[in-house]
Each structure stands twice: as structure tokens, then as C-alpha cells.
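**Student:** what follows is a predicted structure for the sequence shown.
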Amino acid sequence: MKAVTNFFGGFGRTVLHVIEKMGDATMYGVSTVALFFVPPWQGQHFIRQMYALGVGSMVIIIITGAFTGMVLALQGYHMLVKVGTESLLGPAVALSIIRELGPVLAALMFVGRAGSSITAEIGIMRVTEQMDSLEMMAVNPRSRVLLTRIIASALSLPLLVAIFDVVGLFAGYVIGVEMLGVNGGVYMGETIDKIDMVDISVGVTKSIYFGFLIGVICTFMGYRATATTEGVAKATTQAVMICSVMVLILDYIITSFYL
Amino acid sequence: MIKIEALSHAFNGVKALDDINMHIKKGEVTVIMGGSGSGKTTLLRLIAGLLTPTAGAIWFDGEDLAKVGRKRLYELRLRVGMVFQYSALLNSLNVYDNVAFTLHEHTKLDESVISTMVTMKLEQVGLRGFEQMMPSQLSGGMAKRVAFARALAMDPQVVYFDEPTSGLDPISAGVVSTLIHETTQKTKMTSVVVTHDVEAGLNIADHVVLLWQGQIIAEGDAESIRQSTDPRVVQFIKGEPNGPIPFSRSQTAYIDDLMHKPGYVRMQA
């Protein structure tokens, strides 16, 4: 009996803790984003973050995009050829990348490359009292450090997804047309014919939401990290884990709205 | 300059400071001393406005820090500098940009003027020529001095020092202590120093406040603290392990724990 009580007690406490954290993160996100409307504007620092997060993630995004396009074309061709519809390889690759794989895989790569560094950097800034030193120098660390990273994340990811999509589509074309012998004109024609603006807007919408979510979660985890090296390490791991899961959940929700 | 009235502070219900009353006078070096966990850093963070007190008030030039808004607090902070325990230099900026940070943020001075001011501040702490070094390339003592130069950048009226000599070798600690003393005398600024370094603290202090368990147990000039007969003060100054300030902080004695643990053989008197 005691074991059952302990189990449900522990379960209840965990659920309450998760709800409390989610509420805390939401309040944090709203109050931090509200600082966007409070001067001084952080334009220069925002551009610096865009560079650090966006340009810094480009190599991994290009590599991931290329291999995703290649494997989709390769796998798709061998399935489609069985039913004689290899002419649809172009739209199959393009739709998969633009609607689903582009935003999701780019977001997951972005979490690993940029999100983890955001959490670790902010956590270390807290451990070494750099956040307090900004406060004492009459600079709001939430505007300067947190908000700039959230906005930079929300705007960098759509651009990275666009790069991912272009590279993926090109890689798919190379494999499909140059290696597997699908007619180039048919490949491009079918792709242009089957892809419309809704597909592109799904991808863009997802990437903006993912970028914003990653920015809020990663800065929150760094800002609320226990001020020890172990605390920062734990916060970084949790940030990557939570962001990855949240990206997949949000992807499902947004997709269901668009279908 | 700074007046503290009936100040109390608690973390999650645990009292860190209890009914602190003190006065920090203009142009003086006030040293707040005490053992680890005595509440001295908490007191400094409250005075600096980094924490909001649970009860009581901190008056900075007649304004209650807990009641002023963020905008006013930032205006007041332009008159204040702070040197943190681990220097807290911004890792992504070199020495020059760290020292020039507040000048870039809060003034519209020409870069050539800022450059001259930074050079003067670095000269003041003996680090002219180190402008291009990154914080990671500095020793602990050098980082503290750069932090000091940064705190002085806006010619503040008050500078707070959190453990300025901790973790430094005796020579670097001496250099930092001398800098605090000399700068306070030359610029007539007010210094508030939190330290557990008894000798360094007493040497530079105009006024000493000794904390124990979140309360002031002694206050006065350095000489009166040295001459104090309060056993707690004597124990702290002499660094004696035995005395009224206990070495162990266990809530119950270990032997009592053993005696009451089920399954253990009871010892007979």
C-alpha cells in the first residue's frame, strides 16, 4: 500500500513540478519578449547574435540538407520505380523537405549547434556573475543577453531552413537526375507543378515557431541554471532534450492545422 | 551616503540577515567582515540593489533602493561601481572593451576621449599596455585590477568590493588592498569592502562591521575591533578554531544521532 502511495505521490510531484516549470518558462518568455518594446534597442547586439547563431550553424545545416536530399531521392526512387511513378520523385523529395524534414531537421541541428551554446553561455555568465555585472553597469541583462538571442534564434532558423531546403532539393535533383536517370525536365516540371505557396508557408511558419521556441527554452534554461558548473552542464543537456521533443510535438500540431 | 535600517533577508524562509542597522559614510572605506555564511555577501548584494530585502530599507542618498523603479535604479547605478569576487569581466570582450563598457553604453563621448580615459584607468591599476588581452589570458590578480579599472570608469561615488583579495597570492592581494585604500583617499569616493581577510580588511578600513550568523556583533574603527574583548570578535580576528563561533554546523551532535538511530547498540553511561 505504501509503495502505491509513494508511486502516485512521486508521480504527482513530478507533474506539479513540470507544470510549475512550464508556467515559469511561459512567464519568462512573455516578460522577456515584452522588453522588445522597451528602449534602448539592441539592434547591433541582435545582429551580432544573428551572425553567431545563424552563420555559425550554416555548415552543419548545409551538410544535413545535402544528405537528407540525397537519401530521400535514393530511397524514394527505389520505391516509386516499383509502381512506375518515378516521375513523381521530384515532388516527393521537395514536399518531404519543404513541409517536414527541412524545418524539423534544421531545427534539431540548430538546437544541437546553437541552442546548447546559448544555454551554456548564459549559464556560465550567471556562474561567473557576468549577468550581475551587467546589472551593476546599468545594462538590463534580460534585454541585452536574453532577448537578443531569442529574436536572433526566431529569425535565424527560417533562413537556415531556406538554405536547408535549397541544398536538399539540389542534392535530390543531382541523385535523381544525374545518378538514377530520371528525366530532368520531368523532375523539375512535376516539382514546380505540385509545390504551391501553402507548402512553403507551412515550412516557414514551422521554422519561425521552432526558432522562437528554441530561443525561449534555451535562454530560460541557462538563466535559471543552478549557478554551478554541474548546474550549467545539466541545464544544457535538459535544454537540448526539451527543445528536441518540443520541436517534434509542435511539428505535429502545426501540421495538423495545415492539413 | 548609505543608511541601512532594520534590514532582514531570508532565502526560502532561512534567515540570512536579521535586523541590520548601519551607516556607510561618504569618503570612507567601510569593511564588512565575517566568516563564511555570515551573510556579508548577501548584505553587499542588498546594498548594491541586486537583491530586494525581505524587510527593512536601504537608503542611498535619501532614496529607498527597494522602492525606486528599475529606471531610477539604473540611474543611481551610474554613480556606483562594483568589483565582483571572481571579477565578472565580460568574457567576449578584451580588457579595453571591458573597461570602456559603461562609457560606450552610457555616454556619447568620442572614441578618442574614451580611449584616453581607459588608458588612465588602466594606468591607475598598473595595467596600461594590456588593452588587447582577453579575460581568459589574465591572472586572478590582473583580472581583479581590470575589474577595478572598469568599476572606476564612470568616476563613481561609491565602489563595492566583494572579496577583493580572495584567491590571490599575498603580493597581488596587497596590491589590490593598496589600490582600494589609495584610490579611496585620492578620489574621495566611498568604498564598501566585503572580506574575510582580517589583516587586509583592518588595514584599509575606516569603519569595520563584523557579522556573525546574519547579525552585527561588532562595529567601529579598526583599532576598536582589534582591542575588542568580545570572545566572538577575538576568535574571528585570531582565527582560532575553538571558541563561541562553532566549527561544526551540524544541527545535532553526531553522537546523539548515533544514539537514537534504530538498530544501534545503546551506549551505557
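**Tutor:** Good, I have the coordinates. Residues are numbered from 1 along each chain as shown, chains lettered A, B, ... in the order given.
**Student:** give me phi/psi at residue B:194?
**Tutor:** With angles defined as degrees, to the nearest 10, residue B:194 sits at phi -100, psi 130.
**Student:** which residues does it contact?
**Tutor:** Counting by CB atoms under 8 Å, 6 or more residues apart in numbering or on different chains, residue B:194 makes contact with B:31, B:32, B:33, B:40, B:41, B:43, B:44, B:160, B:161, B:162, B:163. Yep, even glycine has a C-beta here, placed from its N, CA and C like the rest.
**Student:** near chain A, which residues of the stretch 1-150 of chain B show up?
**Tutor:** Residues of the stretch 1-150 of chain B lying near chain A by CB under 8 Å from any CB of the partner chain: B:45, B:48, B:50, B:70, B:74-75, B:77-78, B:80-82, B:84-86, B:88-91, B:101-102, B:105-106, B:150.
**Student:** buried subset of those as a PyMOL selection?
**Tutor:** Listed next is the PyMOL selection for buried residues among the residues of the stretch 1-150 of chain B next to chain A, using 16 or more other CB atoms under 10 Å in any protein chain shown:
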select buried, chain B and resi 45+48+50+74+77+78+80+81+82+84+85+86+88+89+90+101+102+106+150
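**Student:** check the contacts of residue B:194 and tell me the two furthest apart.
**Tutor:** B:33 and B:160 (14.7 Å; CB to CB).
**Student:** for the helix or strand encompassing residue B:175, packing partners?
**Tutor:** Here residue B:175 sits within helix B:170-187, counting by DSSP states H and E. Applying 3 or more CB pairs under 8 Å, 6 or more residues apart in numbering or on different chains; DSSP states H and E, one finds that helix B:170-187 contacts strand B:29-34, helix B:140-152, strand B:190-195, helix B:198-204.
**Student:** what lies in contact with that helix?
**Tutor:** Helix B:170-187 has contacts (CB under 8 Å, 6+ apart) with B:27-29, B:124-126, B:139-141, B:144-145, B:148, B:152, B:155, B:159, B:161, B:164-165, B:168, B:189-191, B:193, B:197, B:200, B:203-204.
**Student:** show the pLDDT at residue A:85.
**Tutor:** Note for residue A:85: predicted pLDDT of 83.
**Student:** and it, how many residues sit next to it?
**Tutor:** Residues near residue A:85, counting by other CB atoms under 10 Å in any protein chain shown, number 12.
**Student:** so what would you say the end-to-end distance of stretch A:121-138 is?
**Tutor:** 21 Å (CA to CA, to the nearest Å).
**Student:** mind listing which of the contacts of residue B:194 are in strands?
**Tutor:** Of the positions in those, B:31, B:32, B:33, B:160, B:161, B:162 sit in strands, assigned by DSSP state E.
**Student:** so which of those residues is the most crowded?
**Tutor:** That'd be residue B:32 among the ones in strands among the contacts of residue B:194, by other CB under 10 Å, with 31 neighbours.
**Student:** does that residue touch residue B:209 like I think?
**Tutor:** Yes: contact status for residue B:32 versus residue B:209: in contact at 4.9 Å, counting by CB atoms under 8 Å.
**Student:** other residues contacting stretch B:223-236?
**Tutor:** Residues from elsewhere that reach stretch B:223-236 (CB under 8 Å, 6+ apart): B:33-35, B:198, B:202, B:208, B:210, B:212, B:217-218, B:220, B:237, B:240, B:242-245.
**Student:** show me the contacts for whichever residue of the stretch 101-250 of chain B sits closest to chain A.
**Tutor:** Across the stretch 101-250 of chain B, the shortest distance to chain A (CB to the nearest CB) belongs to residue B:102, at 4.9 Å. Shown in contact with residue B:102 (CB under 8 Å, 6+ apart): A:137, A:138, B:78, B:150, B:153, B:154.
**Student:** looking at the residues you listed, which is nearest residue A:177?
**Tutor:** residue A:137 (58.2 Å).
**Student:** and the closest one, what pLDDT?
**Tutor:** pLDDT for residue A:137: 94.
**Student:** residue contacts, it?
**Tutor:** Residue A:137 touches B:77, B:101, B:102, B:105, B:150, counting by CB under 8 Å, 6+ apart.
**Student:** pick out the lowest-pLDDT one from those.
**Tutor:** Among these, pLDDT bottoms out at residue B:105, giving 89.
**Student:** where do the strands sit along chain A?
**Tutor:** Under DSSP E, chain A gives no strands.
**Student:** what residues does it have near chain B?
**Tutor:** A:124-125, A:128-130, A:132-140.
**Student:** from those, pick the one nearest residue A:172.
**Tutor:** Nearest to residue A:172 among the residues of chain A next to chain B, with distances taken as CB to CB, is residue A:124, at 40.4 Å.
**Student:** picking that back up, the helices and strands packed on helix B:170-187: which one's closest to residue A:109?
**Tutor:** Of the helices and strands packed on helix B:170-187, the one closest to residue A:109 (CB to CB) turns out to be helix B:140-152, at 35.9 Å.
**Student:** residues touching the closest one, excluding its own?
**Tutor:** Taking CB under 8 Å, 6+ apart as the rule, helix B:140-152 contacts A:137, B:81-84, B:87-89, B:95, B:98-99, B:101-102, B:118, B:121-122, B:124-127, B:130, B:135, B:138, B:159, B:164, B:167-169, B:171-173, B:175-176, B:179-180, B:183, B:187.
**Student:** and it with helix B:170-187, angle?
**Tutor:** Interaxial angle of helix B:140-152 relative to helix B:170-187 (axes from the mean of the first three to the mean of the last three CA atoms, to 10 degrees): 20 degrees.
**Student:** circling back to that earlier point, from the contacts of helix B:140-152, which land in helices?
**Tutor:** The helices, defined by DSSP state H, take in B:95, B:98-99, B:101-102, B:118, B:121-122, B:124, B:171-173, B:175-176, B:179-180, B:183, B:187 from the contacts of helix B:140-152.
**Student:** got a list of what the closest residue to residue A:122 other than its chain neighbours touches?
**Tutor:** Ranked by CB to CB, 6 or more residues apart in numbering or on different chains and with sequence neighbours excluded, the top spatial neighbour of residue A:122 is residue A:222, at 2.9 Å. Neighbour list for residue A:222: A:118, A:119, A:120, A:121, A:122, A:123, A:125, A:126, A:232, A:235, A:236, A:239 [criterion: CB under 8 Å, 6+ apart].
**Student:** show the pLDDT at residue A:222.
**Tutor:** For residue A:222, the predicted pLDDT is 92.
**Student:** contacting residues around residue B:99?
**Tutor:** Residue B:99 neighbours (CB under 8 Å, 6+ apart): B:118, B:121, B:122, B:146, B:149, B:150, B:153.
**Student:** hmm, back to that, can I get the contacts of residue B:194 in CSV including distance to residue B:110 and pLDDT?
**Tutor:** CSV is the format used below for the contacts of residue B:194 (distance: CB to CB, whole Å; pLDDT from 0 to 100):
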residue, distance to residue B:110, pLDDT
B:31, 39, 94
B:32, 39, 94
B:33, 43, 91
B:40, 41, 89
B:41, 38, 90
B:43, 40, 93
B:44, 35, 93
B:160, 30, 94
B:161, 31, 93
B:162, 33, 92
B:163, 36, 89
